[in-house]
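# predicted model, plus sequence, below.
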Amino acid sequence: MFKKILLAAVLAATASFAQINFGVHAGVDMNTLWGDDAEDFGTSVGFNAGVGMKISLPLLPITLAPEVLIDMRNFSIERSGEDLGVTTWALDIPVLVRFSLLPILYLEGGPQFAFNLSTDSEKVGGTSIADWMDFNTFEFDLVFGVGTGIVPLVDIDFRVVLGMTNFLADPEIGDPLDVSNMQFMLGATYWF
């Protein structure tokens, strides 16, 4: 019983000394889809913006860094011999753990929960991609990255996002295409 009380006291003391920072995040990303049926999908540039929080525990090189981002993803798909531009708006919630290798260099990784807010495309023959494909509204991703805090109050990071769930919903007839989200992101966060 004494060990449990002591452990609870240590955890409470550590949490009370945790340093919490809030910040704003902005970035650009290269978007595409990956999977067995991704050969018809091309790459394009998008952007993301949002807010973040950084929770640093004393004496540990580990930081918890959750974020909430609005992400505009652009990619292309070949349809009827034409490249069709597709735009997806998503609400991304990455929950990343950072491990500091040096005071100015860190590795980060963790899950990301994404919610597809809308997907649309240019119209070909009077129809858009939303007329002939259904999209999943929830997506689970894995995020890996590296970053630096060389500029005071600013973190600059490069991330790779790999979708673990299918981007397309199951159709009523037939098999869905096997494609998932893939992004390469370059971003910056300003901490207050």
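Thanks, I have the structure now. Remember, it's a predicted structure, so these values are computed and weren't measured experimentally.

# go through the protein and flag its longest strand.
Ranked by residue count, the top strand of the chain under DSSP state E comes out as strand 82-102.

# moving C-terminal of the least confident helix or strand in the chain by mean pLDDT, what's the next helix or strand?
Ranking every helix and strand in the chain by mean pLDDT, DSSP states H and E puts helix 2-16 at the bottom, with a mean of 65. The first helix or strand that comes after helix 2-16 along the chain, using DSSP states H and E, is strand 19-34.

# quick check: mean pLDDT of the helix or strand that that next one is followed by?
Using DSSP H and E, the helix or strand that directly follows strand 19-34 along the chain is strand 41-56. In this model, strand 41-56 has a mean pLDDT of 93.

# distance from strand 41-56 to the middle of the chain?
6 Å (Cα atoms, centre = their mean, to the nearest Å).

# what do you get for stretch 66-85?
On Cα atoms, centre = their mean, the centre of stretch 66-85 falls 14 Å from the chain's centre.

# before we move on, the earlier item: just the C-alpha atoms of the longest strand of the chain, please, in PDB.
Provided in PDB are the C-alpha atoms of strand 82-102 (Å, rounded to 0.1, in the frame of the first residue of the first chain):
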ATOM      1  CA  GLU A  82      -7.700  12.800 -68.300                       C
ATOM      2  CA  ASP A  83      -6.000  13.700 -65.000                       C
ATOM      3  CA  LEU A  84      -8.800  14.900 -62.700                       C
ATOM      4  CA  GLY A  85      -7.800  17.100 -59.700                       C
ATOM      5  CA  VAL A  86      -9.300  16.000 -56.400                       C
ATOM      6  CA  THR A  87      -9.500  18.100 -53.200                       C
ATOM      7  CA  THR A  88     -10.300  16.600 -49.800                       C
ATOM      8  CA  TRP A  89     -10.800  18.700 -46.600                       C
ATOM      9  CA  ALA A  90     -10.000  16.800 -43.400                       C
ATOM     10  CA  LEU A  91      -9.800  17.400 -39.700                       C
ATOM     11  CA  ASP A  92      -6.600  15.800 -38.500                       C
ATOM     12  CA  ILE A  93      -5.800  15.000 -34.900                       C
ATOM     13  CA  PRO A  94      -2.200  13.700 -34.600                       C
ATOM     14  CA  VAL A  95      -1.200  12.600 -31.100                       C
ATOM     15  CA  LEU A  96       2.600  12.500 -31.300                       C
ATOM     16  CA  VAL A  97       5.300  11.500 -28.900                       C
ATOM     17  CA  ARG A  98       8.600  13.300 -29.300                       C
ATOM     18  CA  PHE A  99      11.900  11.900 -28.300                       C
ATOM     19  CA  SER A 100      14.700  14.500 -28.000                       C
ATOM     20  CA  LEU A 101      18.000  13.200 -29.400                       C
ATOM     21  CA  LEU A 102      19.700  16.500 -28.800                       C
END
